[in-house]
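J.: Sequence first, predicted model second:
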There are 2 protein chains.
Amino acid sequence: MITTKKKRNTLQKTKILEYLHSVHTHPTAEVVYENIKKKIPMISLGTVYRILNALADDNEIIKLEVNGEFRYDANNCGHIHLICTKCGIISDREMNKKLDLNFSDFSVHCFSLIIKGTCKKCSRRVK
Amino acid sequence: MITTKKKRNTLQKTKILEYLHSVHTHPTAEVVYENIKKKIPMISLGTVYRILNALADDNEIIKLEVNGEFRYDANNCGHIHLICTKCGIISDREMNKKLDLNFSDFSVHCFSLIIKGTCKKCSRRVK
DNA sequence: CTGATTGCAAAGGGTTTGCATTGGA
DNA sequence: TCCAATGCAAACCCTTTGCAATCAG
């Protein structure tokens, strides 16, 4: 059994969580960094990454991957994330049907399904 | 209208597709590279990446992201990909229920749902 | 006090790209 | 012949890390 080490609440962590709860844009670490800098000018990108990853590990937020970079989202279970693989935009949808997500050998952290495809705007651009 | 430039069939591309159709392991570009090298010793990693991305763009294969790296899979629609965010293992499941994946403003390329969580083995390791 | 957390900057590592060469149609 | 595709290696760029300083509990 790995002992959980005690965690501290810092201004950096508080502000980042606050920010994530205030937006619905699935920001990248870079975007979070730029916004937190307005309130904590001396914060560093590395710290933002560390806090975001820690929060994701604790399942307080969701970590998504789109086109080679990570995006973070305050935990909203029960949503479907539609990710356009062309432009990277992410839109949330409600599930219109109960999904049977009970697997005997796999524990789903959260009902946030990720579906990739092409959004309306991008599909207009004929290949 | 963007004109589609004509494509050529090369040994490299043929072998890579052949390989992807022969496995069910969702290999990384690196793994594909190592395996193709057995047949085409002089092939380069860059070429593997270029071919894999081209195939994914043409929707001939699926490009998945797990823990910061890409994995490729011969197109198998109608599957659920269970991705363990701890160890990165990917297992396929059949869908036991028809999903309503018709969105008015989003075209789903393929019914390959990606669900992240923790596999049995990793969940045994208590945090 | 203690040691978890931060800032800074360098290192890491998967992926992309520029360019000369090769080779498919 | 023509230009897409390749090989090679350097460049990219997002993310992670080491370390000394800092600060929450």
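T.: Received the coordinates, thanks.
J.: partners of A:V108 in the sheet?
T.: Listed by DSSP bridges, the beta-bridge partners for A:V108 are B:G117.
J.: ok, it to DNA strand D distance?
T.: Look at A:V108 and DNA strand D: by Cβ to the nearest atom of the strand, to the nearest Å, they are 22 Å apart. The C-beta positions use only the backbone N, C-alpha and C, and glycine is treated the same way.
J.: likewise A:E69?
T.: Computed with Cβ to the nearest atom of the strand, the distance linking A:E69 and DNA strand D is 4 Å.
J.: Find the nearest non-adjacent residue to that residue, please.
T.: Counting by Cβ to Cβ, 6 or more residues apart in numbering or on different chains, A:E69 lies nearest to A:T28, which is 5.6 Å off, once chain neighbours are set aside.
J.: swap in A:T118?
T.: Once flanking residues are discounted, A:T118 sits nearest to B:S107: 5.1 Å by Cβ to Cβ, 6+ apart.
J.: again, but for A:C122
T.: Distance criterion Cβ to Cβ, 6+ apart; nearest residue to A:C122, sequence neighbours excluded, is A:K86 at 3.8 Å.
J.: Now do the SS call for that neighbour.
T.: For A:K86, the assignment made with DSSP: H, G, I helix; E, B strand; the rest coil gives coil.
J.: Was I right to think the residue nearest to A:T118 contacts A:G117?
T.: Yes - distance between B:S107 and A:G117: 5.3 Å, which falls inside the contact criterion (Cβ atoms under 8 Å).
J.: Tell me which of the two has more neighbours.
T.: A:G117 (19 against 15; other Cβ atoms under 10 Å in any protein chain shown).
J.: Does the one residue sitting closest to the centre of chain A lie in a helix or a strand, and which?
T.: Against the mean C-alpha coordinate of chain A, by Cα atoms, centre = their mean, the closest residue is A:Y72 at 2.3 Å. A:Y72 belongs to strand A:69-74 when assigned by DSSP states H and E.
J.: three-state assignment of the residue lying closest to A:I115 once chain neighbours are set aside?
T.: Sequence neighbours aside, A:L82 is the residue nearest to A:I115 in space, at 5.5 Å (criterion: Cβ to Cβ, 6+ apart). Classification of A:L82 using three-state DSSP returns strand.
J.: any idea how far A:L82 lies from DNA strand D?
T.: Per Cβ to the nearest atom of the strand, A:L82 is found 20 Å from DNA strand D.
J.: quick one: secondary structure of the nearest residue to A:E65 once chain neighbours are set aside?
T.: With Cβ to Cβ, 6+ apart as the criterion, A:E65 has its nearest non-adjacent residue at 3.9 Å, and that residue is B:E65. Three-state assignment for B:E65 (three-state DSSP): strand.
J.: helices or strands next to the strand holding A:Y72 in the packing?
T.: Strand A:69-74 sits against helix A:11-22, helix A:29-36, helix A:45-57, strand A:61-66, with contacts defined as 3 or more Cβ pairs under 8 Å, 6 or more residues apart in numbering or on different chains; DSSP states H and E.
J.: Of all the ones you listed, which one is nearest B:K121?
T.: Across those, B:K121 has its closest neighbour in helix A:45-57 (17.7 Å, Cβ to Cβ).
J.: shaky segments in chain A?
T.: For chain A, the stretches with pLDDT under 70 are A:1-5, A:75-78, A:95-100, A:109-112, A:125-127.
J.: Tell me if I'm right that A:E60 and A:L17 touch.
T.: Yes - at 7.2 Å, A:E60 counts as touching A:L17 under the criterion of Cβ under 8 Å.
J.: Give me the more crowded residue out of these two.
T.: A:L17 (17 against 13).
J.: Helix or strand for A:K121, just tell me which one.
T.: Using DSSP H and E, A:K121 maps to helix A:120-124.
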